[in-house]
Structures are given as C-alpha cells and as structure tokens.
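Peer 1: Mind folding the following:
(chains A, B, C and D, ligands or ions: 4)
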Amino acid sequence: MMGFLQSGFDSLAAMAAMMPLQPPAASTIANSVDQLYLMLSGITIFFSVLIFSIIFYFMLKYRRKSPNESGTQTHTPMSLELTWTIIPSLICVGLFVWSSSLYVRNGRPPASSTEIFVIGKQWMWHLQHPEGPREINELHVPVGVPVKLTMTSQDVIHDFYIPAFRVKKDVLPGRYSSIWFQPTETGTFHLFCAQYCGTNHSEMIGWVYVMSPTDYAVWLAGGEKTESMAAQGERLYSQFGCGNCHSPEAGSHAPSLAGIYGKPQKMQSGETRIVDEALIRQAIYFPNSVHLPNYQSIMPTYQGQIDEEQMLQLIAYVKSLGSEERMNGK
Amino acid sequence: MSNHSEQSGPVGHVVPVSTYIIVFISLMAGTALTTGVAYIDLGRWNTVVALTIAVTKMVLVVLFFMHVKYATGLTRVVILAGFFWLGIMITLSCSDELTRTWEIVPQGWNMIVPLVSRLF
Amino acid sequence: MSELAHGAHPQGFAHQFEDVEQQRDAGRLGMWVFLVTEILFFGGMFASYTIYRALHYESFVTGSHLLKVRFGATNTYVLIGSSLTMALAIRAAQTGKKKGQIIFWLILTMILGAAFIGIKLHYEWFRDYQEGLIPGVQWFYNGPHAPGVKMFMCFYFFMTGLHAIHMVAGLGILTVLVIMTARNKFSPEYYAPLEISGLYWHFVDIVWIFLFALLYLIGGRYPGS
Amino acid sequence: MSTSQEKPVESGVNYLNATYGIRSWLLTLDHKRIGLLYLGSITLMFFVGGMAAVLMRLHLTEPQGALFEPETYNKLFSTHGIIMVFFFLVPSIPATLGNFLIPLMIGARDVAFPKLNLMSWYIFITGAALALYATLSGGVDTGWTFYPPYSSLYSHTQVVAVALGVFVAGFSSILTGLNFIVTIHKMRAPGMTWFRLPLFIWAMYATSLIFVLGTPVIAITLFLLGMERILHVGIFDPSVGGDPLLFQHLFWFYSHPAVYIMILPGMGVVSELITAFSRKKIFGYAFVAFSSLSIAVISFVVWGHHMFVTGQSIYAGLVFSVLSFLVAIPSAVKVFNWTATLYKGSISYEAPMLYALGFIGLFTIGGLTGLFLAALATDVHLNGTYFIVAHFHYVMVGGAVMAYMGGLHFWWPKITGRLYPDLWARIAAAIIFIGFNLTFFPQFVLGYLGMPRRYAIYPAEFQVLNVMSSAGASILGIGYIIPLVYFIWSMRYGPPAGKNPWGAKGLEWTTQSPPLTQNFEEIPIVTEDAYNYASEAAHV
Ligand code: HEA
Ligand code: HEA
Ligand code: CUA
Ligand SMILES: [Cu+2]
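Peer 2: Ligands and ions are numbered 1, 2, ... in the order given. Model prediction:
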C-alpha cells in the first residue's frame, strides 16, 4: 500500500518536474518581474473567485421558484457604483506605477556593462563579442557581469528573448535596439526568436551558456584566435578611406571622430542628439541626413558597401577612439 | 417622433447667390495668397501660413458650400469627431516616432521645442 | 403610423421611413458619417506623411520642388470653381428652377472636374513619367536625398491618385444626377440625392486644398529654399 | 422550458415565407433576411477557421510537430487568425443579431438604408471569397498582423490577395456601422428615448462608432502595404528610410479598437440575457450604457500596448500603458453591474443564461490577464508568448463567442419561430465551457514558462501542457458541433415558439415569431423604460 502511494507521489513529482509552473529565474531582474506577476495573479484570482462565488451564491439563493415569478426590483445606489469604479481605478494606478517604474529601472543598463553585438537574420542569430569571437545561435556569458546586447537585423523583424532572464526586445532592420541582463546563476537557458519572421521562425532558437568567470575566460581564450571588433573596425576604417577626411591632416574638412561617442552633438537643425550607434550608422548610410553645423555635406554614402556586421565593427572602432591623441598617434 | 428636422423649412436653407459668390472669391483669393506666400522666405513659418490658409479655406467650404452653418449640432459633432480622431492618430503615433531619440531621462523640456518645430 | 398618408409622399420616398423629413435627415446624417470615414481613410496617409516629413524634412522639400506648382495651383482654382457650380446646381433645385438650369450647373461642374483630371494627367503625371519621377514604375532621379525623395514621390502619387479616384467616382455620380434631373426626379421638396452628392464633391475639393498646401508648397518656393 | 402559453404563430405570414425562391433571398432588402444571409456566411467561416485550429492543435501534440512542415503550420495559424478575426468575429454579432434586432428593438420597419445593407453583405462575400481563394491557392503566412518588412518584401505567399480580401471586407463593416448609426439616431419609434433603449442598442451604437472611425484606417494601411509589395516602393521599408513600426501604429490604430468591436456587442447581448433570465431591471443602466461608449472612445488611444517591445519609444510606452489600464475600468463597471443584477432576481438557467454566466466568468479572467500585458514590466516577458494567445482566446472565445452563442440561443425562437431542445443546449454549453478552459488555461502557464507563439516546433518540456490544450480543443470542437445539429433540426422539427417564450421584455418580443416583413403592423409607441419587469407579471 505504502509502495503504491509512494509510486503515486513519485509519478506526481515526475509530472510536476515535467510541468514546472515557473520558468527559471536567472537574472538580477527576474525576481522583480516575478513579484509583479504574482501580484497580478493574486488580483486576478481574487476578482475571479469573487465574481464566480457571488454568481454561484445568487444562482442558488435567487433561483426561480415558480414560472410566473419575477425579480424583486432594486434601485441602484450611487455609492455602490462609485465604489466599484474607484477601487479598480486605484488598483490600476498602483499597478501602473509599480510596473512602469520597474520597467524603467530594469531597462537601464549599468555603465559597466560589457557589450555584445547581435545580428538577426532569417533564421539564425549571429553574435560577436568585443574581443572578437563570433557565435551562431549560442551566447556565452560570464555569471555576475552585466551584459548589454546591441542588436540589429539584416532582413525582417526578429525578437531576442531569453525567458530565464525575463528580457525581450524586437530586433529591427535599419535600427539598433538593446537589452541588458546580469545573470545570477550558471547554467544553460533557452534563447528564442519571439517575433514571427517567416518559415523557420520556430527554429531560430539557441542556448545561452552562463559560465563562471574562469570558465568564461577559458572559453574566450580557446577557439581560433580572432582580432577584437575594434581592430576589425580599424581595418575597415582605413580600407574605406574614412581617414582621408576624418583626420586632422586630411585636406577635406570633416569632424574628428575621436571621443564623440556618447557625447551630445549639435545638429544644423538646432536639435541636439547624443552620438550613439544609431547616429553613427545613419551618418555612414545616410550622410545627407546628418548635418553638422560648419561642415559641408561631402561625405559619400556607404550603403551597399558596408554590411551590418562591418557596420558594427566600425562602430566598435569609433567607440574605441577615446581621445584625440589616440587617433593622432596612428 | 424621435427624429428632428436638421434644417428649418421643408426645402432646407437657401443660401443667397451673393454669399456663394463672396465665398468663391475668398477661396480664389486664398489660393492666390497661399501660392504667392510660398515665394517669400518666411523660414519655418511658410508651412504655418500655408496650413492656416488651407484650414480657413476648408472652414469656408464646410460652412457655406456644405451648409454646416445652418445645420444642427449633431452634424457638427460628427464632423468634429472625424477631425478629433485624426488628431488622436497623428498625436499618439508622433508620441512614439518623435521621441525615440530621447534618452531614458529626458534632458529637460527644452527638448520639446526643436521636436515640435520639426513638424513644420 | 405617420399622419401623412403614403400616397401623399413625393417621388423617391422609401417605405422604411415615416415621413420625408425623416428620410432627408437620415440621408444627410449618413453622408456626413461617410465623409468622416473618408477623413480617416485619407487620414492614414496624412498621418504617415506628417511623421515622415518630420523625419526626412529636407528630402521632402527637395521632392516638393520637383512638383509643378503652376498646375497644382491651376487645378485648385478649377476645383474651387466646380464647388461653386455644384452649390449653384443644388440651389437651383432648391428654388425650383427649370431643370435646364440644374443640368447646366451640373454639366459645368463635370467639365471643371474633367478639366482637373485632364490637367493632372497631362501636365503632371505624364510629365513626371517622362522625367522618371514615378517610383516603382519609372524612376531616374538620382539627385540629393534620393531615398527620401522617392518616399516623398510615393506619398505624392498615392495621395493624388486616391484623390483622383474620388474625382472619377464623383464624375460618375454627377452623370447619374444629370440623368435623374432630366427625368424630372427632383423638386424643391425632394432633391436629397443632389444635396448629398454635393457634400461628397465639396469634400473631395477640401482634400485637394490640403494636398496642394502640403505637397506642393513644403518649405516654400522662394530661391534658396 | 417555456413559460409561454402563447398560441403558435398567429397569422400564417411572416418574413420567412412572405416570398419564395433564391432570388427573393439574394435580392432581399429585409434586414432580417440580410441578418440570416450573414449568419450563414459567417458560420461557414467559423468552421473553416475552426478546422484550421483543430489541425494546428493536432500538429502541436508533438514537440517536433506531428503533421506539417513549418511553412504549412504558419499558413494555418495565419489563415485561422485572419478568418476568425476579419471574417467571423468582427461581423458576427453586429451583422447577424445586430441586423436582425436593431430595427425590431427600436420599433422601426427596417434599417435606414436597406440597399446599403444588402450591398454590405455582397461586399463581405466578395472579400471572404477572395480570402478563401487565396487560402486555397497557396495561402498566406504572415500571421493576421501582416507586419512588414516580412509581409511586404520577404513572404512568398498570397499576401496581396488576402490583404485585398480584408480590405474589401472592411467596406462592409463601414457600411454596416454607418447604417446602424443613422438607424439608431433617426429611426427610433415615438417615445423610444435614448435612455429607454435596450443596452444591446447602446453596445451596437458604440461598436458602430468603432466601425466607422477605425475601419478606414486599416483599409488605407493594407492599401499601402499592397502597393509596397507590388511596386517595391517603400513606405515602410527601412532601407530607404521608412519605418516598419509605422505600419504597426496604423495597423493597431484599427486592430486594437477592433477587439472591442468583438467584445462590445457581446457585452450588449449579455446585458439582455442577464436581465431576461433574472427578470430584473439591469443594475445601473446609465453606467452600463456609458461604459460602452467610454470603452469605444478609450479603445482608440491604447493601441501602442501591442508595441511595448517592438522598439517604440519608452515615453509612448508609458502613455499607452496608463491608457490601457484606464480602458479596464469601464469593463470592470460592467462586470460588477451584471453581477449585481442577479441580486434578488428570479433566476432561471436556460441555455442562453448559461452562456451569459460563462461569459462573465471567462471575460473576467481574460480581461484581468490583459492587465498583465498592459503592465510594461510583465509584458516584456509575456509578449509574443502563449500567454497572449491564452489572453485573447479567453476574451474572444470565452467572451465574444460565448455571448454570440448565448444571443443565438436567446433569439433563435424569434428568428425561426421554433424552439430547440433546451437539454441538449445546456449539455453543449457545459461541454463548451469545460473544453474551452482545458484548451486555453494551460496556455497561460505555457506563456509564462516562455513558450513563444507561432512556433511550429517547440522544446520537449512544453509537451504535457500542449497535449492538454489539444485534448481540450477536441472537446471544444464537439461542443460546437452539437448546436449546429440541433439548430438545423429545430428549423424543421422544433415546436413553435410563440411570441415570447422567455417572458422577456423588449419590443422584439411583442411581435409575432417569426416577425412580419415590415416588423410591426403598427409602429409601437414606447411609454416605459427598458427591462421594466416590475410593471406586470413577468410573462404575458
Ligand atoms: C475581444 C478581444 C479583446 C479584449 C476585450 C481585450 C481586452 C484587453 N486587452 Fe487584449 N488582446 C486581444 C484581444 C482582446 N483584448 C488580442 C487579439 C490580442 C493579441 C493580438 C496579437 O498580437 O495577435 C491582445 C493583446 C493585448 C495586449 C498586447 C500584448 C502584447 O502583444 O505584448 C495587451 C497589452 O496591454 C492587452 C491588454 C488588454 C486589456 C488591458 C484589456 C481590457 O479591456 C480588459 C478589461 C477587463 C477586465 C479588467 C476584467 C473585468 C474587471 C473586473 C472583474 C474588475 C477588476 C478590475 C480591476 C482590478 C482593474 N491585450
Ligand atoms: C475570433 C477569434 C478566434 C477564435 C474563435 C479562435 C478559436 C480557436 N483558436 Fe485561435 N487564434 C485567433 C483567433 C481565434 N481563435 C487569433 C487572432 C490567433 C492569432 C493568429 C496569429 O498568430 O496570427 C489565434 C491563434 C491560435 C493559436 C496559436 C497559434 C500559434 O501561435 O502558433 C492556437 C493554438 O492553440 C489557437 C487555437 C484555437 C482553438 C483550439 C480554437 C477553438 O475555439 C476553435 C473551435 C472550433 C472548432 C473546433 C471548429 C468546429 C468543429 C469542426 C470543424 C469539426 C472538427 C473538429 C473536431 C471534431 C475536433 N488559435
Ligand atoms: Cu526570427 Cu522569429
Ligand atoms: Cu490591444
């Protein structure tokens, strides 16, 4: 008998193992999202149970006793209407404040994040680490270190989704989007494409390997030797002759690119924009649309010559240009 | 009956020909004006002027040619609803399209001015 | 039941209504609601236009300067004229003028409408075609801001194209009205089809007023703009 | 089951047998017949869409996919979504029950523009035929949302034909909405003031507003998409500076309000059912009426909540989030008022009432899970997963379809003059309720676990929940077939229903069943409020 019960429990446990109710929570923000989720579930259960039980109670209590009976007419107290308008409103305000502040907080990457670049294309993920190594449908990251992903797409809209980290963001062609996370435990986690992108959308999946820092260092060092992204970008920079204009010695008049990344830049229109990945990309693909005061629009477009991957490398290079000296030192 | 007449009298409001002619002349003048002004350098104000004239012309057509001046409140509400909804569509999609470059923490309200001025 | 006996109703009275007045009100309201749907139909384009223009202002100015203002302006005059004649046609019916007079104004409206389309086709679209300014069909432009200019020309053709389709539909309606007038369908008591079609015609006119300002005149036409 | 001691159909003549022959149906201007034409067409579409759902659920019983290539699966869910939304649920209650009931309920002989009404059916049929043709000749694989640049530049399927079908069908929505607005404004019987209108009419009025204000935008959006696909000129193409998100803005400007097109009529039906079967005036008439209008209006300012993770600006995200919470309030008001209406009622449990109560429960769950999605922080995790699939099936199937079924059962005796077997109807309602929950509840869990939607194959650990869901779907399918059978049976063999089998209030129950072609021998004069069950013994 005991054995029978035991096996019953076992199979229940096995079922439960096969059917978890919560995804692993493996990033610093996961728990905060789960707490909100639990609160929402609580509210849902509370109101559903409330409504269901009131309905059942009334159904039994006021069931029609004779075919000719009609209901006792009640009038509508204003106070009641106001109560059930105001209470849900307050709950909604609370939820909005909670969820939005959490979202803004969770969305802001720490300044110390290491950056990894992602390109989505039908139907795989290309990733490149700043140190140079490339991966396909796999992402190796060290535990406990904030990581920022800068992502773009070569074709249609994709979406980079790691359920265990509770992060997700669409990856669009012609734009950079970014997410960040800080893994809290080592392990292997699902990576999904969560925006429908065509035939093999469901196969645009992979794994995230969270490793201890030492394992990660070993992994980085292993594999074939590659240049860093900035170094690859530097080669492209000279290959495409950017320096012909963008250097103090050059004859033509073009702004220096040293140290511009992350700084505000005044445009001719009077507007100020922060020099970010998007602006650099725009300057290279659509130079006509980036007008700086005091400069002539002589920069040619590189659309069709530089692909998304090279673009990311160039950006990495421009970012690495810390100061004037470094550039002149070349 | 629940229905009410939109306009007085069985034939609806008869607008004097002179009114039509005045409206017509104003519309022609407006067109001439708006074309002429385009050749004067007013900077960003060119668009503002062009749109103001266009709206004025529209109001003239709606009020007199389309007889809304003599119509009931319901007709006016219907028309205003159309423009109001168009306004919703434009405002809220701009609320995304034109704030994408904003930082997570806005740099202050002075960002708004160049932003709005881009619309013109 | 209505106090009026059915037999007393004029021509064009439909059975589901109680009286003529209700029918006229319903028709008018229906037309206005339809025009609201038209506002939002064109509105989707105007909204996209507004956003892209904010994002690619210079391209739009460049594109706008490729358009032929002279013909745009001429067509504005023509359409305004047609609105006047349309209004006069309705007035003629309202005041019980001879049917010849109603038909005269209607035909004049049609002539102006057809002139609009003719000018548009011949002096604008056809020349745009020759100059290779039609994206997706014939496209030679490679001046400054090429991608944005192409975008602008898309808006130009979609918006003026939809407008022209509405004009053609309007001409069809006017034809029907002429026939109805000739068959003595209208009287000062019943001229709802005229009135309602008039609303439509004026609406199409208004759309053009905006298209002219927004497509042809962006950023001014002065030297150096 | 009937409390009515009525004699069956008094005069032999009614709208069904007044004229005979195919022509008399295809050229009819009678709003009731047009309602039936719609009923036939959308029932067909429902089973086509349902068939696709059944195939999908079968396929998903195995992680590697049991039946199809991924491409076929993608076509299935796209077809399913497109047909169910644009060709079934959007027209469902408005075009069938709305068409049938609005003139009857407000005391008019017909809608304001009968010819437009017939035309709207033909337009609908044209659109539906196009969509079906496209499905058969290759199908479409973009999802019902048609996002570019996939739909405009990359998909190799019949995008243009299907988009054209939806475009065309849109005009039938516009005409229906226009017709209803004018009818409700101008055709009410003497004494039928706005605050005496049945709540179903208020709901249809609110729905019509959305039809008229929203549908033109989806039409122009699909037009732009089609041009982009045909001419390869980009309005949304990022490589020439276009913005694919602009499409999403325009799409959801219609499609979010469209989800309220689907639910508002259902809410109207439920208001009728709850009052009729508890024989009580509705609790808070004005609140329920105005909440319909406010839902219709607010629904136009929340669309960005579908774009929280698509790269919309965070400021827009915050605005859309708070507005999405706002739209929940009027829905809450409705739920509480329905529940309170039961208080001290005289409640009976015929099949329509079971559907109505099922609606309240399932809509509450579906609506509340909408809050998870309106909240930015949780939506980041749940977007694009099965949680959303579960959310919208709870509101659309658990909500709107339940209400539609309830409404059909309620007015069936009026429509056909016949009764269906109530026991079978109750059994079917129970089967649908159970099958529904088994199908879609596991999907909430799946979504939270992270299973993305639109996946033809999925990781093995999600299998158990998926099998549960598929099992539920087959129960659900059977539940939908039973009513089909007994409805058809009842048309011939059902006992005559009499004027008012439920002892309900409302002008439509004062006419004979089925009604005369001109609805009323004499236009009634209304002297009392809606749902005035206190005025006399409940039944006639
Ligand atoms: C009939 C259709 C219908 C209805 C009525 C709703 C109703 C709601 N929906 Fe839903 N929704 C869809 C159909 C519908 N939805 C569809 C089809 C999609 C996906 C489209 C796709 O991507 O394919 C979707 C997706 C969707 C999203 C996008 C998710 C994403 O893509 O990331 C969001 C986000 O905010 C959302 C929110 C809501 C909200 C807040 C409501 C509210 O209106 C709900 C209000 C109701 C209640 C709240 C319950 C009753 C209230 C009480 C019992 C009282 C207690 C209340 C409080 C405490 C507030 N829905
Ligand atoms: C009105 C709207 C509506 C309705 C009624 C339904 C009804 C159903 N839907 Fe639908 N669904 C959508 C609207 C709707 N759906 C939308 C908009 C999407 C998103 C599409 C997209 O991503 O683009 C979607 C997506 C969707 C998915 C997700 C696909 C994916 O993302 O990969 C699934 C999966 O389970 C599903 C299942 C079902 C089921 C089981 C039903 C059942 O309720 C159906 C019940 C009906 C029947 C079963 C038919 C009747 C019976 C027969 C034909 C007889 C044969 C059958 C048996 C005997 C079993 N739907
Ligand atoms: Cu990539 Cu889905
Ligand atoms: Cu929505």
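
Peer 1: Chain C: helices as residue ranges?
Peer 2: C:20-55, C:57-64, C:69-94, C:99-119, C:126-130, C:146-182, C:192-211 (DSSP state H).

Peer 1: Make sure A:Ser212 is actually in contact with A:Val145.
Peer 2: No. Using CB atoms under 8 Å, A:Ser212 makes no contact with A:Val145, being 10.8 Å away. For glycine as for every other residue, the C-beta is placed from the backbone atoms N, C-alpha and C.

Peer 1: And these two? Which one has more around it.
Peer 2: When A:Ser212 and A:Val145 are compared for neighbours, A:Val145 comes out ahead with 16 against 12, by other CB atoms under 10 Å in any protein chain shown.

Peer 1: Just confirm the more buried one is within a strand.
Peer 2: No. Assignment of A:Val145 by DSSP: H, G, I helix; E, B strand; the rest coil gives coil, placing it outside any strand.

Peer 1: quick one, what contacts it?
Peer 2: A:Val145 sits next to A:114, A:182-183, A:213 when contact means CB atoms under 8 Å, 6 or more residues apart in numbering or on different chains.

Peer 1: Just the buried ones from those residues?
Peer 2: A:182-183 (16 or more other CB atoms under 10 Å in any protein chain shown).

Peer 1: Quick one: mark the members of the contacts of A:Val145 that sit in helices.
Peer 2: Per DSSP H, the contacts of A:Val145 map to helices at A:Pro213.

Peer 1: what separates the longest helix along chain B from the chain centre, distance-wise?
Peer 2: Longest helix in chain B by number of residues (criterion: DSSP H): helix B:73-97. From the chain centre to the centre of helix B:73-97 is a distance of 11 Å (CA atoms, centre = their mean, to the nearest Å).

Peer 1: Not counting its neighbours along the chain, what's nearest the residue in chain C positioned nearest to ligand 1?
Peer 2: Closest to ligand 1 within chain C is C:Gly44: 19.8 Å, counting by CB to the nearest ligand atom. Closest residue to C:Gly44 apart from its sequence neighbours, by CB to CB, 6 or more residues apart in numbering or on different chains: D:Ile220 at 3.6 Å.

Peer 1: show me what contacts that neighbour?
Peer 2: C:41-45, D:250.

Peer 1: export the residues you listed to a markdown table and tack on pLDDT?
Peer 2: Output for the contacts of D:Ile220, formatted as a markdown table (pLDDT from 0 to 100):
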| residue | pLDDT |
| --- | --- |
| C:Phe41 | 95 |
| C:Phe42 | 95 |
| C:Gly43 | 94 |
| C:Gly44 | 93 |
| C:Met45 | 94 |
| D:Leu250 | 95 |
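
Peer 1: Can you say which two of the residues you listed are spatially most distant?
Peer 2: Greatest spatial distance among these (CB to CB): C:Phe42 and D:Leu250, at 12.9 Å.

Peer 1: For these two, work out which one has more neighbours and name it.
Peer 2: Using other CB under 10 Å as the criterion, C:Phe42 and D:Leu250 rank with D:Leu250 on top: 27 against 24.

Peer 1: Give me the buried positions along stretch C:172-184.
Peer 2: C:173-174, C:177-178, C:180-181.

Peer 1: My error: substitute stretch B:32-46 in the last question.
Peer 2: B:33-35, B:37-38, B:46.

Peer 1: quick revisit: wait, which of the helices of chain C is closest to D:Leu246?
Peer 2: helix C:20-55 (6.0 Å).

Peer 1: between A:Ser212 and A:Val145, what contacts are shared?
Peer 2: Counting by CB under 8 Å, 6+ apart, nothing touches both A:Ser212 and A:Val145.

Peer 1: A:Arg134: neighbour count?
Peer 2: A:Arg134: 14 neighbours (other CB under 10 Å).

Peer 1: how about the nearest residue to it, chain neighbours excluded?
Peer 2: Going by CB to CB, 6+ apart, A:Arg134 has A:Gln128 as its nearest residue, at 5.0 Å.

Peer 1: where does the one you found land on pLDDT?
Peer 2: We have a pLDDT of 90 for A:Gln128.

Peer 1: Check A:Gly222 too.
Peer 2: 79.

Peer 1: Now look at stretch A:158-172 and say if it contacts ligand 3.
Peer 2: Yes. Judged by CB under 6 Å from any ligand atom, stretch A:158-172 comes into contact with ligand 3 at A:His158.

Peer 1: residue contacts, the residue nearest to D:Ala161 when sequence neighbours are not counted?
Peer 2: Spatial nearest neighbour of D:Ala161, excluding adjacent residues (CB to CB, 6+ apart): D:Ala134 at 3.7 Å. Neighbour list for D:Ala134: D:140, D:158, D:161-162, D:165 [criterion: CB under 8 Å, 6+ apart].

Peer 1: go with 10 Å
Peer 2: D:79, D:82, D:140, D:157-165 (CB atoms under 10 Å, 6 or more residues apart in numbering or on different chains).

Peer 1: wait, which of these is closest to ligand 1?
Peer 2: Nearest member of the contacts of D:Ala134 to ligand 1, counting by CB to the nearest ligand atom, is D:Ile82, at 10.9 Å.

Peer 1: right, and that closest one touches D:Thr157 too?
Peer 2: No. At 11.8 Å, D:Ile82 does not count as touching D:Thr157 under the criterion of CB atoms under 10 Å.

Peer 1: which of these two has more neighbours?
Peer 2: Between D:Ile82 and D:Thr157, counted using other CB under 10 Å, the more crowded position is D:Ile82 (26 against 20).

Peer 1: Please list all residues in contact with that one.
Peer 2: By CB under 10 Å, 6+ apart, the neighbours of D:Ile82 are D:49, D:52, D:88, D:131, D:134-135, D:140, D:142-146, D:162-163, D:165-166.

Peer 1: still on that earlier bit, list just the nearest of the contacts of D:Ile220 to D:Asn17.
Peer 2: C:Phe41 (41.5 Å).

Peer 1: does the residue nearest to A:Arg134 really touch A:Met311, like I thought?
Peer 2: No. Using CB under 10 Å, A:Gln128 makes no contact with A:Met311, being 11.8 Å away.

Peer 1: picking that back up, how near is the residue nearest to A:Arg134 to chain C?
Peer 2: 28 Å (CB to the nearest CB, to the nearest Å).

Peer 1: Mind telling me which residue of chain A is nearest chain C?
Peer 2: Scanning chain A for the residue nearest chain C gives A:Asn288, at 5.5 Å (criterion: CB to the nearest CB).

Peer 1: What residues does that residue make contact with?
Peer 2: Here A:Asn288 is in contact with A:282, A:297, A:299-301, C:56, C:58-59, C:62, C:144-148 (criterion: CB under 10 Å, 6+ apart).

Peer 1: okay, now residue 48: neighbour count?
Peer 2: This is for chain A. A:Ser48, neighbours per other CB under 10 Å, totals 17.

Peer 1: ah, I was thinking of chain B
Peer 2: 12.

Peer 1: Please, which helix or strand holds it?
Peer 2: Using DSSP states H and E, B:Val48 maps to helix B:45-60.

Peer 1: what is the orientation angle of that helix with helix C:69-94?
Peer 2: Orientation of helix B:45-60 against helix C:69-94 (axes from the mean of the first three to the mean of the last three CA atoms, to 10 degrees) gives an angle of 10 degrees.
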